[in-house]
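Participant: when you get a sec, could you give me coordinates for this:
(4 chains)
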There are 2 protein chains.
Amino acid sequence: MLIVDDEPQLLRALSIDLRGRHYEVDTATTGSTALAAAARKQPDLVILDLGLPDFGGTEVICGLRGWTNVPIIVLSGRTGSADKIGALDRGADDYVTKPFSMEELHARIRAALRRHDNPEPAAKYQIGDWMVDLSAHTVTRPGATRTDTAHLTRTEWNLLEVLLRNAGKLVDSQQLLTQVWGPGYQRETNYLRFYLSRLRGKLEPEPSHPRHLLTEPGYGYRYRP
Amino acid sequence: MLIVDDEPQLLRALSIDLRGRHYEVDTATTGSTALAAAARKQPDLVILDLGLPDFGGTEVICGLRGWTNVPIIVLSGRTGSADKIGALDRGADDYVTKPFSMEELHARIRAALRRHDNPEPAAKYQIGDWMVDLSAHTVTRPGATRTDTAHLTRTEWNLLEVLLRNAGKLVDSQQLLTQVWGPGYQRETNYLRFYLSRLRGKLEPEPSHPRHLLTEPGYGYRYRP
DNA sequence: CGGCGGCGTTAGAAGGCCGTTAAGAATGTC
DNA sequence: GACATTCTTAACGGCCTTCTAACGCCGCCG
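Facilitator: Reported below is the predicted structural model:
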């Protein structure tokens, strides 16, 4: 575990606490030393404070994500939603706002390690001739001559992702609408009808007789492997 | 799961979202009703907003901890560390500061349930050749060549679910009508006759001689495993 | 033996949900 | 600023679900 923070007191408090919980802890106080330490020690988790002296924490995230997918928990004094989204979009796994309790941080550490120990099953799904790779964010069809790719729009992809992550399970309309469009769209079931139709048209061999993207009348939809 | 909050909008939003994720949700708006509901329903998780109208949330925590160690997730608008420590020391399991995202809350719910080793109940039941999986919302029949599925309509499924969740127990007609159609339908026993007939036709090996979906003349119906 | 009430079954009508299409609004791109 | 892509919104036909009302059947009881 690597802790990156420029405040000596906080760094010291964190490392003492976490060593007391039997984690193996390395520390760094700048972005450059953090990247070097991460490359050398191959940590299983990085706790990263934004607002480092040499360069911003987002650069550290990008520098790490260039070659590893180690879980990153970001600490920050900023509560703004934009900061959260920015860090998370660049590849952070979690975001903790100061002030925080050690219990809270510890719970998040456990959650991050747990997630990383239980990798998502393959994250590859098949629909007709198409292979959907959630981690690579691609939809490909291996052919005799060449493998061609399908293009999904942002909304199409979000919707498909929710269905695939619940493979085999029924996902009801309200949950789909909430996860794709956000709360407040729970009445707009026509969105679902529209985009499911488009997904079927792009992915299903026979769009009028779907074999994988199924409708559950009265409830919602389901992806069947 | 019991949600305690005095803000109607938040309470409503939370319960809709969590019901959509297939949690069984009860609600309360005051501390006293919360304690009563917890004693009656024996929830597997309590989400508690501090700052209730009748008495403080900490009293609710103490009242619960007197006889149960159900996980408690505290919601609060206060960011002060003293409030967090106070709630956690009195026995709360987690502390979420407003505003929070649904995704964050949901992750914490999962973590709390996981910590408490309350895995989702198997939720699988057998009727003749059919296997009913309540969590995946599927009805499948494993066959030699391939497993085929049965399609249940919304009302059929709701009715079956009530019977299965009370496996082995007698469920009287009024309770079935109330849980499936809502209050005000307690005279419409013909609905029950109609839909039980359809369920038997779809699931029982010999619909005219039911082996699992039994009639208790004069009282109601029963699912026998 | 005949009436009665509860239960199972069938058939038909009404309504709701779903898939599809089309067009306007919003957003991004050159 | 023009164009293309994507998103939103509305409308419509068709199918499925639900509701409703019958009709037989059976056991119970007078």
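
Participant: can you pull up the residues of chain A that come close to DNA strand C?
Facilitator: A:173, A:189-190, A:192-194, A:196-197, A:200-201, A:207-208, A:215, A:217-220 (CB under 7 Å from any atom of the strand). All C-beta spots, glycine's among them, are computed from the backbone N, C-alpha and C.

Participant: in helices, which of the residues you listed appear?
Facilitator: A:173, A:189-190, A:192-194, A:196-197, A:200-201 (DSSP state H).

Participant: quick one, which of these are buried?
Facilitator: Using 16 or more other CB atoms under 10 Å in any protein chain shown as the burial test, these include A:173, A:192, A:196, A:200 as buried.

Participant: return the closest of the residues you listed with respect to DNA strand D.
Facilitator: For those, the minimum distance to DNA strand D (CB to the nearest atom of the strand) is 9.7 Å, reached by A:Leu192.

Participant: per-residue pLDDT, the closest one?
Facilitator: A:Leu192 carries a pLDDT value of 93.

Participant: what's the answer for A:Ser135, then?
Facilitator: 72.

Participant: show the contacting residues for the nearest residue to it once chain neighbours are set aside.
Facilitator: Spatial nearest neighbour of A:Ser135, excluding adjacent residues (CB to CB, 6 or more residues apart in numbering or on different chains): A:Ala123 at 4.5 Å. A:Ala123 is in contact with A:133-135, counting by CB atoms under 8 Å, 6 or more residues apart in numbering or on different chains.

Participant: of the residues you listed, buried ones?
Facilitator: Buried among these (16+ other CB under 10 Å): A:Leu134.

Participant: and A:Asp133, bridged to which residues?
Facilitator: Taking DSSP bridges as the rule, A:Asp133 bridges to A:Lys124, A:Thr138.

Participant: my guess is it meets A:Ile127, correct?
Facilitator: No: using CB atoms under 8 Å, A:Asp133 is not in contact with A:Ile127; the gap is 11.8 Å.

Participant: contacts only, for A:Ala87.
Facilitator: A:50, A:57-58, A:61, A:74, A:76, A:95.

Participant: on that earlier part again, for chain B, tell me which of the residues of chain A next to DNA strand C show up nearby.
Facilitator: A:217-219 (CB under 8 Å from any CB of the partner chain).

Participant: which strands and helices sit next to the helix or strand containing A:Val96?
Facilitator: Element membership for A:Val96, per DSSP states H and E: strand A:94-97. Secondary-structure packing of strand A:94-97 (3 or more CB pairs under 8 Å, 6 or more residues apart in numbering or on different chains; DSSP states H and E): strand A:72-76, helix A:81-89, helix A:102-117.

Participant: worst average pLDDT in these?
Facilitator: Looking at the helices and strands packed on strand A:94-97, the bottom one is helix A:81-89 with a mean of 63.

Participant: re the thing from before, just among the ones next to chain B among the residues of chain A next to DNA strand C, which is most surrounded?
Facilitator: Sorting these by how many neighbours each has (other CB atoms under 10 Å in any protein chain shown) puts A:Tyr219 first, at 16 neighbours.

Participant: hey, which helix or strand in chain A has the poorest pLDDT?
Facilitator: In chain A, no helix or strand scores lower on mean pLDDT, DSSP states H and E than helix A:81-89, which sits at a mean of 63.

Participant: the closest residue to A:Thr29 other than its chain neighbours: neighbour count?
Facilitator: Sequence neighbours aside, A:Asp6 is the residue nearest to A:Thr29 in space, at 5.2 Å (criterion: CB to CB, 6+ apart). Neighbours of A:Asp6 under the rule other CB under 10 Å: 15.

Participant: how far away is A:Asp6 from A:Ala92?
Facilitator: Computed as CB to CB, to the nearest Å, the A:Asp6 to A:Ala92 distance reads 18 Å.

Participant: repeat that for A:Tyr223.
Facilitator: 28 Å.

Participant: let me know the pLDDT of the spatially most central residue of chain A.
Facilitator: With distances taken as CA atoms, centre = their mean, A:Asp93 lies nearest the centre of chain A, 6.6 Å away. With respect to pLDDT, A:Asp93 has a value of 72.

Participant: that's all I had, so thanks and see you.
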